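coords please:
(one chain, ligands or ions: 2)
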Amino acid sequence: MKQKSVYLCSDCGYESPKWFGKCPSCGAWNTMSEFKIQPESAARGTNSFPRGASRPVPLSEIESGDEARFHSGIGELDRVLGGGAVHGSFVLVGGEPGIGKSTLLLQMCQEMCRNAKVLYVSGEESLRQIKLRAARLQISSPELYILSETDMEQIIQETEQMEPDILIVDSIQTVYKRDLTAAPGGTTQIKECAMSLMQYAKNKNVTIFIVGHVNKEGTLAGPKILEHMVDCVLYFEGETTGPFRCLRAAKNRYGSTNEIGVFEMSDHGLLEVNNPSAAMLAGHPQGASGNCIACVMEGSRPLLAEVQALAAKTQFGVPRRTAAGVDYNRMVLLLAILEKRCGFFLSSSDVYVNVVGGMRLDEPAVDLPMVLAIASSFRDKPLPEGVMGFGEIGLTGELRAVSGAAQRINEAYRLGFHTCIMPMQDIDETLTKKMNIVRVRTAADAIRAVL
Ligand code: TYD
Ligand code: MG
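Numbering: from 1, shown residues only. Ligands and ions are numbered 1, 2, ... in the order given. Alright, predicted model coming up:
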């Protein structure tokens, strides 16, 4: 039979029978490359999930039973998974190289192998390297099995023989199938290998964790292909140079996607951070201009973090703006609001915004603290001690209500703050006894209240 070729975009995984200079899906140039497909695997196609004898079934007749879960012994990880890893689920753990994915998964094994048979397959490290890492992490369970292998067929064969309850594949970029001519790490290989693992997981009800490295743009190599296939997508993020790491669920078929887990990288591996607000505020400078404490809701938990800003006179040409930990476009929008609605002439200032501790704050409630930090730096006047705030800012400069006000205020009170600047919204009156609550209508009013 004639060998078939497909062209795949290395950025987005778009597949086409003919070549394009520009990918029709993501618009990237020169990313389409040719892959030869063996006749057999071409005939199977890429969506060959075994379906069995399928026919429509009334919803009421489908047996579900309670979801049984494996607990990892790491509270922060279990919470992000929705209370542990569901039996037979397929979990993708993504993150930049060096962020701590292998460390987290190896640490997870320690507890999991008490109740389950665990096989950890590494395509990146030798058995000796894993042993050394395990020793450093003080993992000594005799029930944990390690395989250093990159050949997919070999991995499946060994797995079939051992029949583990939990299989970890670190990483999907290093494993390959021999019958494909494509190089390991490419979209075709990733797709096919993940598909084989998924078939295995669903047929044998095995829980599988796969590690996927994320490239600089923050997407998994061959991204979309894997995300729709798996049950959970967890992203491990943070600054590799800083101690804090944050685990987020981008997708979860068995739980909420709002929860985050906070970890600290130490000499003995990842430690759970049970009181993230206190950790984020450690080292908060007293009496310095250009910072404001924000309170954001991360899932069910409020989290305090310090937003820092620096507004400095532009020396030459176009003013520079950089944002770390907050959305760049949101920052630019708030600068325009500050200029237009609050009378701050920032068009000849460079503005840098940063969230201390390497956290990403994506919630709109961070608008107000960001504006206060920028205003404070611009005027070179610190905010009074013990002040924090939250609130979304609209285009007319009005402050808009946010959810979870009471939880945010309680968290700030717990950490010793005495004043909270917030939007005009109803709150439980008992809170006003704990803290000085300043409710304001606009961003300009908020600035007037504290600066
Ligand atoms: P690793 O889990 O190998 O990252 P990934 O699998 O995501 O590529 O973690 C790598 C970093 O973590 C590495 O730079 C060293 C650091 N580290 C510690 O600081 N303490 C430890 O106990 C371990 C095991 C790693
Ligand atoms: Mg690794």
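
tell me how far stretch 166-181 is from the chain's mean position?
Chain-centre distance of stretch 166-181: 23 Å, with Cα atoms, centre = their mean, to the nearest Å.

likewise stretch 346-354?
28 Å.

now swap in stretch 176-190 and tell me
On Cα atoms, centre = their mean, the centre of stretch 176-190 falls 26 Å from that of its chain.

for the residue nearest in space to the middle of the chain, give its distance to V214.
When Cα atoms, centre = their mean is applied to the chain, the residue found nearest the centroid is Y235 (3.3 Å). In this view, Y235 and V214 are 7 Å apart by Cβ to Cβ, to the nearest Å. Every residue, glycine included, has its C-beta placed from N, CA and C.

find residues that contact each of those two.
Counting by Cβ atoms under 8 Å, 6 or more residues apart in numbering, the shared contacts of Y235 and V214 are G94, G95.

any low-confidence regions in the stretch 201-350 of the chain?
Along the stretch 201-350 of the chain, the model assigns pLDDT under 70 to residues 216-224.

kindly export stretch 272-279 (C-alpha atoms) in CSV.
Output of stretch 272-279 as CSV, limited to C-alpha atoms (Å, rounded to 0.1, in the frame of the first residue of the first chain):
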residue,chain,number,x,y,z
GLU,A,272,2.6,22.8,50.7
VAL,A,273,1.9,26.4,51.5
ASN,A,274,-1.1,26.2,53.8
ASN,A,275,-1.2,29.9,54.5
PRO,A,276,-0.4,31.5,51.1
SER,A,277,-1.5,35.0,52.0
ALA,A,278,1.1,35.2,54.8
ALA,A,279,3.8,33.7,52.5
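
list the contacts of it.
74-76, 244, 261-264, 301-305, 357, 411, 414-415.

quick check: strands, which of these are part of them?
Mapping the contacts of stretch 272-279 onto strands (DSSP state E) picks out F244, G261, V262, F263, E264, R301, P302, L303, L304, A305.

E76 is in contact with the fourth one, correct?
Yes - look at F263 against E76 with Cβ atoms under 8 Å: they come within range, at 6.3 Å.

so which bits of the helix or strand harbouring A194 are buried?
Per DSSP states H and E, A194 falls inside helix 187-204. Neighbour-count burial for helix 187-204, counted by 16 or more other Cβ atoms under 10 Å, picks out 187-198, 200-201.

after that helix, next one along is what?
That would be, after helix 187-204 and using DSSP H and E, strand 207-213.

for that next one, name the packing helices and strands.
strand 85-86, strand 90-95, helix 101-115, strand 166-170, helix 187-204 (3 or more Cβ pairs under 8 Å, 6 or more residues apart in numbering; DSSP states H and E).

up against ligand 1, what does the stretch 201-350 of the chain have?
M265, D267, H268, G269 (Cβ under 6 Å from any ligand atom).

give me the nearest residue to the second one, chain neighbours excluded.
In other words, D267. Distances taken as Cβ to Cβ, 6 or more residues apart in numbering put R136 closest to D267, at 7.8 Å, once the chain neighbours are dropped.

likewise for the last one?
Spatially, and ignoring its direct neighbours in sequence, G269 is nearest to L137 (4.3 Å; Cβ to Cβ, 6+ apart).

got a pLDDT number for that neighbour?
At L137, the pLDDT value in this model is 92.

quick one, phi/psi of C26?
phi -110, psi -10 (degrees, to the nearest 10).

could you check how far the nearest residue to it once chain neighbours are set aside is from E111?
Nearest non-adjacent residue to C26, counting by Cβ to Cβ, 6+ apart: C12, 3.9 Å away. In this structure, C12 and E111 are 37 Å apart, going by Cβ to Cβ.

with A85 instead?
In terms of Cβ to Cβ, A85 sits 11 Å off from E111.

circling back to that earlier point, torsion angles phi and psi at the residue nearest to C26?
phi -110, psi -10.

and for it, the neighbour number?
Applying other Cβ atoms under 10 Å, we find 19 residues neighbouring C12.

is N436 bridged to anything, and to what?
On the basis of DSSP bridges, N436 is bridged to T419.

what does the pLDDT read for it?
95.

follow-up on the earlier one: find residues that contact each of F263 and E76.
L247, E272, V273.

quick check, nearest of these to S122?
L247 (20.2 Å; Cβ to Cβ).
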